[in-house]
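Colleague: just a sequence and a predicted model for now, questions to come.
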Amino acid sequence: MDILVFSPHPDDAELGAGGFLLEMRKRGYSTGIVDLTAGELSSTATAETRAAEAKKASHLLGLEVRENLNFKDGSLSDSYDFRLQVAEIIRKNKPRVVLTPFYEDRHPDHVACSLIVKASVLYARLRKVGEPHYIKYLYYYMLNTPFVPTYIVDISDSFEKKMEVLSCYHSQFGAEVPLLRDYIPHVRAKAEYYGSLINVAYGEPFRAEGFLKVSDPVNP
Ligand SMILES: [Zn+2]
């Protein structure tokens, strides 16, 4: 597998990296999402509804793998046990690139997912725990809290499809969901803002763990 995205709840990966996943599929990379919880604490949906929505979204994204670890929603913390289980998933899927939410966020599950995955990437290498797997890059995607990106992906060509993917999560982003009337318009506004920073219509920002090697700075 080329790209594996960890998502605290079904829909987070699509929000933060939906355009990235669509663009990479177009380039022929294999992609997958692993949800850590079923999102059963949602005020507007059951776990079953969210699973059905995730299935539709996965199909549109062309994912090779979509798994749910079914950790208890709201219970995530950066613990040894969670790290071991996520490291096992990394070993099993052998991704070259792993994505997880940025480590600053208003939702404690998002922060925990970020920390768990960062540690698990290292645990996945430990020979005494299992068959070692080394990923190439760990990237953080943006949910609620902005950060200065390491790079911004041009998602102009796939942006409308990303919106279609998000519309699969009707229970989360439907216009009638209380307090979320402006959510989808704001997704568009954010993508336009990050697009404006690289002079394209729509962009998605990412932070890399460590540094990226650039062989040709004239044409990166
Ligand atoms: Zn979430």
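Modeller: Sure, I can see it.
Colleague: what is the neighbour count of the residue of the chain found nearest the ion?
Modeller: Residue nearest to the ion within the chain: residue 9 (3.7 Å; CB to the ion). Where C-beta positions appear, they are placed from N, C-alpha and C, glycine not excepted. Residue 9 has 27 neighbours, counted by other CB atoms under 10 Å.
Colleague: and the one 4 residues further on, by the same measure?
Modeller: Using other CB under 10 Å, residue 13 has 33 neighbouring residues.
Colleague: what values do phi and psi take at it?
Modeller: Per-residue torsions, residue 13: phi -60, psi -40 (degrees, to the nearest 10).
Colleague: what do you get for residue 32?
Modeller: Main-chain torsions, residue 32, degrees, to the nearest 10: phi -150, psi 160.
Colleague: which residue packs closest to it, ignoring adjacent ones?
Modeller: Nearest non-adjacent residue to residue 32, counting by CB to CB, 6 or more residues apart in numbering: residue 65, 3.2 Å away.
Colleague: what do you get for residue 159?
Modeller: residue 202 (4.1 Å).
Colleague: any idea how far residue 190 is from that neighbour?
Modeller: Distance, residue 202 to residue 190, using CB to CB, to the nearest Å: 9 Å.
Colleague: then residue 40?
Modeller: Distance, residue 40 to residue 190, by CB to CB: 27 Å.
Colleague: now swap in residue 204 and tell me
Modeller: Residue 204 sits 9 Å away from residue 190, going by CB to CB.
Colleague: what's the overlap in contacts for the two?
Modeller: Each of residue 142 lies in contact with both residue 204 and residue 190 under the rule CB atoms under 8 Å, 6 or more residues apart in numbering.
Colleague: quick check: which helices or strands does the lowest-mean-pLDDT helix or strand in the chain pack against?
Modeller: Sorted by mean pLDDT, DSSP states H and E, the helices and strands of the chain end with helix 170-173, the least confident at a mean of 84. Using 3 or more CB pairs under 8 Å, 6 or more residues apart in numbering; DSSP states H and E, the elements in contact with helix 170-173 are helix 47-61.
Colleague: report how many residues lie close to residue 102.
Modeller: 22.
Colleague: please name the nearest non-neighbouring residue to it.
Modeller: Using CB to CB, 6+ apart, the closest residue to residue 102 is residue 140 (4.3 Å).
Colleague: and the contacts of stretch 149-156?
Modeller: By CB under 8 Å, 6+ apart, the surrounding residues in contact with stretch 149-156 are 19-20, 22-23, 139, 142, 162, 191, 194-195, 197-198, 200-208, 212.
Colleague: just the buried members of these?
Modeller: Those of the contacts of stretch 149-156 that meet the buried threshold are 19-20, 22-23, 139, 142, 162, 191, 194-195, 200, 202-207, by 16 or more other CB atoms under 10 Å.
Colleague: tell me which of those fall in helices.
Modeller: Applying DSSP state H to the buried ones among the contacts of stretch 149-156, the entries found in helices are 19, 20, 22, 23, 162, 191, 194, 195.
Colleague: skipping adjacent residues, who's closest to the fifth one in space?
Modeller: Using CB to CB, 6+ apart and skipping residues adjacent in sequence, the residue nearest residue 162 is residue 18, 4.1 Å away.
Colleague: same check on the first one?
Modeller: Computed as CB to CB, 6+ apart, the closest residue to residue 19 that is not its neighbour in sequence is residue 155, at 2.9 Å.
Colleague: no further queries at this time; thank you.
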